[in-house]
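**Student:** Using only what follows, build the 3D model:
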Amino acid sequence: MYEYKAKYVSNYDGDTIKFEVDLGFNIAHKITVRLKDVDCYEMNSKDEKESKIAKTAKEFVCSVLSGNNSILIKTHKDSKDKYGRYPAEVQYSHASVMLGNAITYKNLTNELIMAGLVRPVYP
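**Tutor:** So this is what the prediction gives:
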């Protein structure tokens with residue numbers, strides 16, 4: 001497993017997110033990740049309910065990651081899927097869980113599942 005500090009750039013939907021990854025030595029690289037083990041409803045779904053959930057998931061991801069300076073990306077393999085995305089876990093700090101100098105992270109996948117915005121996919 002590889003772990004990187006990252007800055008949020010944008011997201012296409014609830015499970016596809018673009019980051020600027022800190023590779024160390026003042027080197028950064030923009031990548032797109034796909035949240036591991038979940039599937040988000042499609043933004044352009046013909047089903048109005050699914051489309052609404054997809055838009056809510058996209059807004060949720062943007063709201064928790066935008067402006068957040070404490071984001072960690074954990075990749076499980078250093079290769080891309082067929083769409084050029086790295087399968088990854090994303091963790092982010094949350095103001096309500098910062099304790100002194102220690103930062104506690106929330107798992108984005110877990111938060112999306114608990115909110116009912118994505119479907120778990122088991123490998």
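**Student:** and the spatially most central residue of the chain, which of the three is it?
**Tutor:** For the chain, the residue nearest the mean C-alpha position is residue 90 (4.7 Å; C-alpha atoms, centre = their mean). Of the three states, residue 90 takes strand under DSSP: H, G, I helix; E, B strand; the rest coil.
**Student:** residues in contact with it?
**Tutor:** Contact analysis of residue 90 by C-beta atoms under 8 Å, 6 or more residues apart in numbering lists 17, 33, 35, 65, 71, 72, 73, 74, 107, 108, 109. For every residue, glycine as well, the C-beta is placed using N, CA and C.
**Student:** Please, which helix or strand holds the second one?
**Tutor:** The one in question is residue 33. In this structure, residue 33 sits in strand 27-35 according to DSSP states H and E.
**Student:** Then the first one?
**Tutor:** Following DSSP H and E, the helix or strand that holds residue 17 is strand 16-24.
**Student:** could you say what helices and strands that strand packs with?
**Tutor:** The helices and strands touching strand 16-24, judged by 3 or more C-beta pairs under 8 Å, 6 or more residues apart in numbering; DSSP states H and E, are strand 2-11, strand 27-35, strand 71-75.
**Student:** what about the longest helix along the chain, distance to the chain center?
**Tutor:** Ranked by residue count and defined by DSSP state H, the top helix of the chain is helix 48-65. Between the centre of helix 48-65 and the centre of its chain there are 12 Å (C-alpha atoms, centre = their mean, to the nearest Å).
**Student:** list the buried ones in that helix?
**Tutor:** For helix 48-65, burial by neighbour count (16 or more other C-beta atoms under 10 Å) applies to 53, 54, 57, 58, 60, 61, 64, 65.
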